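Student: only the shape, not the letters, is given here:
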């Protein structure tokens with residue numbers, strides 16, 4: 001069932017039956033073909049229609065509920081995993097030390113705190129954060145966390161062992177600037193660049 005909420009344009013949320021208010025104007029909504037097409041894409045895309053009612057109420061209706069399966073629910077059995085020599089992002093995360101897990105989660109928490117418009121997308125080999133498009137992609141290894149930021153490397157002072165221009169080097173995910181985070185100090189140095197990637201996305 002579609003999720004429905006009525007928002008007061010003066011602030012706050014009022015839950016009520018749509019029959020309790022008089023429809024002032026109904027805006028053009030998505031067709032059933034739009035909904036079907038988006039649901040076939042297996043991407044985190046939400047379609048939202050909205051209607052304006054009298055008494056300064058706005059109804060937002062989620063027309064679809066994207067259901068992109070996480071890596072752990074992909075249905076791969078143990079033999080499939082053993083036959084694939086490349087570990088998935090989740091498998092790497094499970095295998096690293098507690099200190100590296102803590103650093104990884106601190107980075108994720110910081111990125112998610114930058115704004116409510118950030119969406120995470122767990123893919124097989126990396127984790128992506130995006131606004132309209134990817135702004136940060138994360139890979140994890142035993143002794144370091146690699147971030148790929150959607151920033152022009154020419155606008156950043158590159159430091160050997162910390163930042164790297166990836167424009168002519170192939171890698172998973174998107175982003176031309178690579179940041180290598182090995183400890184909390186590296187993470188602190190990376191924060192201003194993460195904020196830039198968010199603001200410029």
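Tutor: Okay, I see it. The shown structure was predicted, so the numbers you read here are calculated from the model rather than taken from an experiment.
Student: then residue 49 would be within a strand, right?
Tutor: Yes. Counting by DSSP: H, G, I helix; E, B strand; the rest coil, residue 49 is part of a strand.
Student: relative to residue 119, how far out is it?
Tutor: Going from residue 49 to residue 119 by Cβ to Cβ, to the nearest Å gives 20 Å. For the C-beta atoms, the positions are set from N, CA and C on the backbone; glycine is no exception.
Student: how about the helices of the protein, start to end?
Tutor: Ranges of helices in the chain, per DSSP state H, are 32-40, 78-83, 89-95, 98-113, 184-200.
Student: let me see the ranges of the strands in this protein.
Tutor: Taking DSSP state E, the strands of the chain run over residues 3-8, 13-14, 23-26, 48-53, 57-62, 119-122, 127-130, 134-140, 145-149, 163-165, 177-181.
Student: and the helices of the chain as JSON lines, adding mean pLDDT and mean neighbour count?
Tutor: Shown next, in JSON lines, are the helices of the chain (pLDDT from 0 to 100; neighbours: other Cβ atoms under 10 Å):
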{"stretch": "helix 32-40", "mean pLDDT": "69", "mean neighbour count": "12"}
{"stretch": "helix 78-83", "mean pLDDT": "45", "mean neighbour count": "9"}
{"stretch": "helix 89-95", "mean pLDDT": "91", "mean neighbour count": "16"}
{"stretch": "helix 98-113", "mean pLDDT": "94", "mean neighbour count": "15"}
{"stretch": "helix 184-200", "mean pLDDT": "94", "mean neighbour count": "16"}
